[in-house]
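**Student:** turn this into a structure:
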Amino acid sequence: RSLSEQYNQINTNRSTVPSVKINTMTDDRIRCALVFRNDAGGVTLLAKYDFVSDYEAHEGAATEGTLYAGRGNYGDAVSMVIKNDPPGAVQLESIGGFKVVQSDVHQVVYGGDSDGICLAVVTGLRYPSRVATQMLTDLYGKYSQALGEEAKTAAPNSLNRKSKPILTEYCQKYSDLQSVDKASALIGKVDGVKVQMQENIATMLNNMEQTETISNQASQLNEQASVFKKKSTDLKRQMKCKNMKMTIIIVALVLGILLTVLFPMIQKARKAAGEEGNP
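**Tutor:** As a prediction, this is how the structure comes out:
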């Protein structure tokens, strides 16, 4: 079987919840830094620092599930990887022979020196392996100076306390990809521009929809105004005709009244005038 298949099998055996698919590592986070000694006696774990143990015990446990029932114990898995495929040849007093092994949810990057001291880092699958290699190279300079001689003969897990400050420092430093890797920083800027462009496009589309809505409302108002104008004109014409009819009726009534009153008077005046002309 391939190293990645063996690594997956170890992770499956270590998990207490095999029925749940674990996907906490499909990101760009640093999970764990480890120090080994690889010599004739085998692969010995000297120190281990779980950088995101708080994340897996709190945030990750609530939403994503935790690795190894929340313990984050990568020691056995990485030991098996190094045992089956040790780091390549390196120069004296330097770390090299870097190798990368990936499982379904893990990525392990490791390298060693000529004395058998091996440094490894466990990350999410999207963490750039070139940055992990850079981290181990940077870490090796300080670690070999501080604990290199002691690591050659130290007992298993005996350097956890002494190694923790150094491992913590470099895990924290390299956890911010954009500050240590120009490519990641550029990708971050590009992603930021993409997000801003998407927001601008969404705003523009929203403005277009609002403009279209306003245009439709204006068209409706114009139509309503035309209808109102037509109705007003019709009403004005109707009122004018009605007023003319009323005027005619009033005039006819007045004339009728005048005729009714004046006609008898005229008749009476004529009759009186005829009687005076014939005594």
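**Student:** going forward, measure contacts and count neighbours with C-alpha atoms only.
**Tutor:** Noted.
**Student:** elements contacting the helix or strand hosting E199?
**Tutor:** For E199, the element it lies in under DSSP states H and E is helix 182-277. For helix 182-277, the packing partners by 3 or more Cα pairs under 8 Å, 6 or more residues apart in numbering; DSSP states H and E come out as helix 177-180.
**Student:** buried stuff in the helix it packs on?
**Tutor:** Within helix 177-180, the residues that qualify as buried are L177, counting by 16 or more other Cα atoms under 10 Å.
**Student:** quick one on the thing from earlier: report the rounded mean pLDDT for the helix holding E199.
**Tutor:** Per-residue pLDDT over helix 182-277 has a mean of 80.
**Student:** next one: that helix to chain centre, how far?
**Tutor:** 53 Å (Cα atoms, centre = their mean, to the nearest Å).
**Student:** do stretch 134-153 as well
**Tutor:** Worked out by Cα atoms, centre = their mean, stretch 134-153 lies 39 Å from the chain centre.
**Student:** could you do stretch 168-177 as well?
**Tutor:** Here stretch 168-177 is found 24 Å from its chain centre; the criterion is Cα atoms, centre = their mean.
**Student:** for that stretch, C-alpha coordinates in CSV please.
**Tutor:** Output in CSV follows, covering the C-alpha atoms of stretch 168-177 (Å, rounded to 0.1, in the frame of the first residue of the first chain):
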residue,chain,number,x,y,z
THR,A,168,4.7,27.9,19.4
GLU,A,169,6.7,30.8,18.0
TYR,A,170,7.1,29.3,14.6
CYS,A,171,3.5,27.9,14.4
GLN,A,172,2.2,31.4,15.2
LYS,A,173,4.5,33.0,12.7
TYR,A,174,3.6,30.7,9.9
SER,A,175,-0.1,30.5,10.7
ASP,A,176,-0.5,33.9,8.9
LEU,A,177,0.2,32.9,5.3
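**Student:** buried stuff in that stretch?
**Tutor:** By neighbour count on 16+ other Cα under 10 Å, the buried set for stretch 168-177 is 170-171, 174-175, 177.
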